[in-house]
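Engineer: Sharing a sequence plus its predicted fold:
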Amino acid sequence: MLAVDCDVIELKCVGLCNGPVVVTDLDNSAPDVYCKLRSKSDRRLLRERVTGDRRARKKLVDKRVARKKVLNVVSRQLRRVA
């Protein structure tokens, strides 16, 4: 579903076993990492988030990962892919 609106990149394990996991704002120095996006409404909000809707970002706040270790691993892997 996301491949229509954005680039899909597979990363190695980032330490989150409660997926699916999605990373947005790849060009940003601190990308947003979301997990537990299982329901249709979560996927709809994610699609709105990727297409630029700021309200969707606020609604997805409870799905956002805040663990610094995970965010550092994601950032390192993204630098290697780019």
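Structural biologist: The structure has been received and is ready for your questions.

Engineer: got the CA positions of the lengthiest helix in the chain in CSV?
Structural biologist: As assigned by DSSP state H, the longest helix anywhere in the chain is helix 68-81. Once non-C-alpha atoms are left out, helix 68-81 reads as follows in CSV (Å, rounded to 0.1, in the frame of the first residue of the first chain):
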residue,chain,number,x,y,z
LYS,A,68,16.6,6.2,21.8
LYS,A,69,18.4,3.0,21.2
VAL,A,70,15.9,2.0,18.5
LEU,A,71,16.0,5.5,16.9
ASN,A,72,19.8,5.4,16.8
VAL,A,73,19.8,1.9,15.1
VAL,A,74,17.3,3.2,12.5
SER,A,75,19.3,6.3,11.8
ARG,A,76,22.6,4.3,11.4
GLN,A,77,20.9,1.8,9.0
LEU,A,78,19.3,4.6,7.0
ARG,A,79,22.7,6.3,6.5
ARG,A,80,24.2,3.0,5.2
VAL,A,81,21.3,2.5,2.7
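
Engineer: Please enumerate the strands of the protein.
Structural biologist: Per DSSP state E, the chain carries strands over the ranges 22-24, 32-34.

Engineer: Comparing those, which comes out most buried?
Structural biologist: strand 32-34 (a mean of 21; mean count of other C-beta atoms under 10 Å). Yep, even glycine has a C-beta here, placed from its N, CA and C like the rest.

Engineer: which helices and strands does that one pack with?
Structural biologist: Applying 3 or more C-beta pairs under 8 Å, 6 or more residues apart in numbering; DSSP states H and E, one finds that strand 32-34 contacts strand 22-24, helix 68-81.

Engineer: so which of the ones you listed gets nearest Lys59?
Structural biologist: Taking C-beta to C-beta, strand 22-24 is the member of these nearest to Lys59, at 13.7 Å.
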